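Peer 1: whatever this is, show me its structure:
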Amino acid sequence: MNLQSAVVEVVVAVVVIGWIMYRQTRWQLLDAGRLWRGPIVLAVIGVVQMKSVLADGTLSVTAIALLAVSAVLAVAVGLAMGLLSQVRTGAPGLEARTGWVGSLLWLVLLAVRIGVDVCAHLAGAAVVTSVGAILLVVALNRAGRAVVLARRAEQARMVAAH
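Peer 2: Numbering: from 1, shown residues only. The predicted structure is shown next:
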């Protein structure tokens, strides 16, 4: 990876995370299609991109361990974001927002992800630092949040029905 592509990747990552953080502070309609669309799209793009990085067929134990740490952290932070989210009944139906506290968890995820990337670079595990791996981390985070919000929405609907 050259310096120019690294800068582009960092800029894209900052823009995407900034956009997600902003959207999480706004009330959004809470429906299953919207909850799962983002994680699915990001995961598919991430897997396709990682396939090109894995074309040589090498995946070290270190790379697998670092990918697992990233995945577990991403899901855990996503679950926390879902728990911190506020849910309300609005005009179009249920709405949710994570708010600034939940959004700040992105900074935690980003800081750990940078640490994982440094370790991966030192260990020669390039697949961990790929755009595909980063997209999968974001997809897992969004999926963790979606799981909690989908459950909370179902509970709110059950309470409203009684």
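
Peer 1: what's the lowest-mean-pLDDT helix or strand in the chain packed up against?
Peer 2: Least confident helix or strand of the chain, by mean pLDDT, DSSP states H and E, is helix 3-24 with a mean of 78. On a contact count with 3 or more CB pairs under 8 Å, 6 or more residues apart in numbering; DSSP states H and E, helix 3-24 meets helix 99-123, helix 131-161. Heads up, the C-betas are built off the backbone N, CA and C, glycines and all.

Peer 1: for the ones you listed, which one sits closest to Val11?
Peer 2: helix 131-161 (12.2 Å; CB to CB).

Peer 1: buried residues, the closest one. List them.
Peer 2: Neighbour-count burial for helix 131-161 flags 131-150, 152-153, 156 (criterion: 16 or more other CB atoms under 10 Å).

Peer 1: could I have the least confident helix or strand of the chain exported to PDB, CA atoms only?
Peer 2: Extracted in PDB, the C-alpha atoms of helix 3-24 (Å, rounded to 0.1, in the frame of the first residue of the first chain):
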ATOM      1  CA  LEU A   3       1.000   6.600   1.000                       C
ATOM      2  CA  GLN A   4      -1.600   8.100  -1.300                       C
ATOM      3  CA  SER A   5      -3.900   5.100  -1.000                       C
ATOM      4  CA  ALA A   6      -3.400   5.000   2.800                       C
ATOM      5  CA  VAL A   7      -4.500   8.700   3.000                       C
ATOM      6  CA  VAL A   8      -7.500   8.000   0.800                       C
ATOM      7  CA  GLU A   9      -8.500   5.100   3.000                       C
ATOM      8  CA  VAL A  10      -8.100   7.100   6.200                       C
ATOM      9  CA  VAL A  11     -10.200  10.000   4.700                       C
ATOM     10  CA  VAL A  12     -12.900   7.600   3.600                       C
ATOM     11  CA  ALA A  13     -13.000   5.900   7.000                       C
ATOM     12  CA  VAL A  14     -13.200   9.300   8.900                       C
ATOM     13  CA  VAL A  15     -16.000  10.500   6.600                       C
ATOM     14  CA  VAL A  16     -18.000   7.200   7.000                       C
ATOM     15  CA  ILE A  17     -17.600   7.200  10.700                       C
ATOM     16  CA  GLY A  18     -18.500  10.900  11.000                       C
ATOM     17  CA  TRP A  19     -21.600  10.400   8.900                       C
ATOM     18  CA  ILE A  20     -22.700   7.400  11.000                       C
ATOM     19  CA  MET A  21     -22.000   9.300  14.300                       C
ATOM     20  CA  TYR A  22     -24.100  12.300  13.000                       C
ATOM     21  CA  ARG A  23     -27.000  10.000  11.900                       C
ATOM     22  CA  GLN A  24     -26.900   8.300  15.300                       C
END
